[in-house]
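A.B. asks: Could you work out the structure for the sequence below:
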Amino acid sequence: MTTPNTSFTSYQKSVVAILAFLQFTIILDFMILSPLGAILMPALQISPSQFGLAVSVYAFSAGTSGILAAGFTDRFDRKRILLFFYAGFLFGTFLCAVAPTYEFLLGARMVTGVFGGVMGSVVLAIITDLFSFEVRGRVMGFIQSAFAGSQILGLPIGLYLANRFNWHAPFFLIVIIGLMMGLVIMLKLKPVNAHLKLHPDKSPLHHFLDTVSNPKYLQAFATTALLSLGGFMLMPFGSAFSVHNLGVSLDKLPLVYMVTGFCAVFTGPLVGRASDSFGKFNTFLFGTILSIVMVITYTHLGTTPLPMVIAVNAIMFVGIFSRMIPSQALMSAIPTPTSRGSFMSISASLQQMAGGLGSVLAGAIVVEGADGHIEHFDRVGYVVSGAAVLTLIMMYFIHRSLPEHAGHLEKTRAKTGA
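C.D. replies: Modelled structure (predicted):
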């Protein structure tokens, strides 16, 4: 058995850096609304359910656009698709920056979601095209470090600008950073079009129907949706819960995100390496157990000292990353080269829709008291934990059908002499 090459070329390293920074801007745009909740709700005079809708409308529009684009994503150079949707994403973010009312903001978030929702799937397709399965855990780990980067730099700076000026300022920051990132993509990223040589002569509709009718793909889609449903339920009310329930002051809130992000930025690559070394499902199992423990702990906290709040958040993000990274790496092995774009697009769409549903569901569960106190957040924790258990079971069956499981059995037989 030949040993796969696990070293990266200089160009592959640059691709990882480009995609990671691209993800930084996308994730920051999506996440920035949640920590602004404590500022935005009184500024626009809206209820928690209205705020939950403002967060989730991005997800719903992203999910819809991903489904509509699924039949076309494998028919073009992935670099061109990436640039097209990135331009639309930045335009939507600019609309958020100038939004004067709640209704305008809802429309702007819809525009941003239409374009931003497809981009994540294109990034995953590019990763799958350019990197072998044996190293995708490492690549996903670095890419997901963009999530932590948004915690370390983006969210604290965004919260500072919102506190210093108004809630519009962080969106202007994203637009400026995004324009520079778009230029880098144009100049540095090579065309990603090898899949075009393999693509059969099918209409976009036929290609889409082939993808959604594949039983193996359907199993993966259902798992992705459930994984996202639980994950997005905590996010929208995290800042309000921290301020009004845990006793974290608004000026200390950026510190919580910053320190948690510093921990996560180191966790991402380590989790990625662990996924490739110890098995992606094994890492996912560890992350699920840790996530359940920390989610239950977090959602039951009352007034808590700041160091403890930071510690709980940091450990909880270790669990979240230990689920996100190996699950993405496992899913990347499912589609064939000719259907990667379509598979990733549909998967991302379901992820966004499920995430949006999770935000709405959380908004229906929690109640804001007269003093801003978030009630019934512990119930959200139970729902999230239940979804995590179901996802683990579903992921086990996916793991058994993938090359990782076969490779693990082969290694075991080699060691035992069987």
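A.B. asks: Against residue 103, how distant is residue 239?
C.D. replies: For residue 239, the distance to residue 103 equals 23 Å [C-beta to C-beta, to the nearest Å]. Where you see a C-beta, it was placed from the backbone N, CA and C, and this is true even at glycine.
A.B. asks: ok, those two, which is more surrounded?
C.D. replies: Neighbours per residue (other C-beta atoms under 10 Å) separate residue 239 from residue 103, with residue 239 holding more: 25 against 10.
A.B. asks: Let me know the average pLDDT across the helix or strand harbouring the more buried one.
C.D. replies: Element membership for residue 239, per DSSP states H and E: helix 238-244. Averaged across helix 238-244, the pLDDT comes to 83.
A.B. asks: Next: stretch 383-398.
C.D. replies: Across stretch 383-398, pLDDT averages out at 91.
A.B. asks: Now do that stretch: distance to the chain's middle.
C.D. replies: Offset of stretch 383-398 from its chain centre (C-alpha atoms, centre = their mean, to the nearest Å): 17 Å.
A.B. asks: Mind exporting the C-alpha coordinates of that stretch to PDB?
C.D. replies: As requested, C-alpha coordinates have been extracted for stretch 383-398 and formatted as PDB (Å, rounded to 0.1, in the frame of the first residue of the first chain):
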ATOM      1  CA  VAL A 383     -32.800  20.700  22.400                       C
ATOM      2  CA  VAL A 384     -29.200  21.300  21.200                       C
ATOM      3  CA  SER A 385     -27.900  18.300  23.200                       C
ATOM      4  CA  GLY A 386     -30.600  16.100  21.800                       C
ATOM      5  CA  ALA A 387     -29.900  17.100  18.300                       C
ATOM      6  CA  ALA A 388     -26.200  16.400  18.900                       C
ATOM      7  CA  VAL A 389     -26.900  12.800  20.000                       C
ATOM      8  CA  LEU A 390     -29.000  12.100  16.900                       C
ATOM      9  CA  THR A 391     -26.400  13.600  14.700                       C
ATOM     10  CA  LEU A 392     -23.700  11.400  16.200                       C
ATOM     11  CA  ILE A 393     -25.800   8.300  15.300                       C
ATOM     12  CA  MET A 394     -26.300   9.400  11.800                       C
ATOM     13  CA  MET A 395     -22.600  10.400  11.400                       C
ATOM     14  CA  TYR A 396     -21.600   6.900  12.500                       C
ATOM     15  CA  PHE A 397     -23.400   5.200   9.600                       C
ATOM     16  CA  ILE A 398     -21.800   7.800   7.100                       C
END
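A.B. asks: Just the buried residues of it, please?
C.D. replies: For stretch 383-398, a neighbour-count test (16 or more other C-beta atoms under 10 Å) marks 383, 384, 385, 387, 388, 391, 392, 394, 395, 398 as buried.
A.B. asks: so what's residue 348 up against?
C.D. replies: 62, 63, 66, 117, 118, 120, 121, 124 (C-beta atoms under 8 Å, 6 or more residues apart in numbering).
A.B. asks: Oh, that last question was meant for residue 47, not what I typed.
C.D. replies: Counted by C-beta under 8 Å, 6+ apart, residue 47 has contacts 41, 368.
A.B. asks: at 7 Å instead, please
C.D. replies: Not one residue lies near residue 47 by C-beta atoms under 7 Å, 6 or more residues apart in numbering.
A.B. asks: Now it. Its backbone dihedrals?
C.D. replies: For residue 47, the backbone dihedrals (degrees, to the nearest 10) come out as phi -90, psi 170.
A.B. asks: likewise residue 374?
C.D. replies: phi -90, psi 120.
A.B. asks: what's the neighbour count on the spatially closest residue to it that is not a sequence neighbour?
C.D. replies: In this structure, residue 374 finds its nearest non-sequential neighbour in residue 241, 4.8 Å apart by C-beta to C-beta, 6 or more residues apart in numbering. Other residues near residue 241 come to 23 when the count uses other C-beta under 10 Å.
A.B. asks: was I right about residue 241 contacting residue 377?
C.D. replies: Yes: counting by C-beta atoms under 7 Å, residue 377 is a contact partner of residue 241 at 5.7 Å.
A.B. asks: any weak-confidence spans in the stretch 201-350 of the chain?
C.D. replies: Within the stretch 201-350 of the chain, the segments meeting pLDDT under 70 span 201-204, 207, 231.
A.B. asks: ok, now with 90
C.D. replies: Applying pLDDT under 90 to the stretch 201-350 of the chain flags residues 201-280, 301-303, 313-314, 316-350.
A.B. asks: For residue 321, see how far away residue 125 is.
C.D. replies: On the measure of C-beta to C-beta, residue 125 and residue 321 end up 22 Å apart.
A.B. asks: next one: the longest helix that the chain contains to chain centre, how far?
C.D. replies: Longest helix in the chain by number of residues, with DSSP state H as the criterion: helix 102-130. Helix 102-130 has its C-alpha centroid displaced from the chain centroid by 11 Å (C-alpha atoms, centre = their mean).
A.B. asks: Could you identify the helix or strand that succeeds that helix?
C.D. replies: Moving toward the C-terminus from helix 102-130, the next helix or strand (DSSP H and E) is helix 136-149.
A.B. asks: helices and strands around that following helix, which ones?
C.D. replies: Using 3 or more C-beta pairs under 7 Å, 6 or more residues apart in numbering; DSSP states H and E as the contact test, the elements touching helix 136-149 are helix 10-31, helix 253-278, helix 306-332.
A.B. asks: Just the C-alpha atoms of that helix, please, in CSV.
C.D. replies: Written as CSV, here are the backbone C-alpha positions of helix 136-149 (Å, rounded to 0.1, in the frame of the first residue of the first chain):
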residue,chain,number,x,y,z
ARG,A,136,-8.5,17.5,4.4
GLY,A,137,-8.8,17.5,8.2
ARG,A,138,-5.7,19.7,8.4
VAL,A,139,-7.1,22.0,5.6
MET,A,140,-10.5,22.2,7.2
GLY,A,141,-8.8,23.0,10.5
PHE,A,142,-7.0,26.0,9.0
ILE,A,143,-10.0,27.1,7.1
GLN,A,144,-12.2,27.0,10.3
SER,A,145,-9.5,29.0,12.1
ALA,A,146,-11.1,31.9,10.1
PHE,A,147,-14.1,31.3,12.5
ALA,A,148,-11.7,31.9,15.4
GLY,A,149,-10.1,34.9,13.6
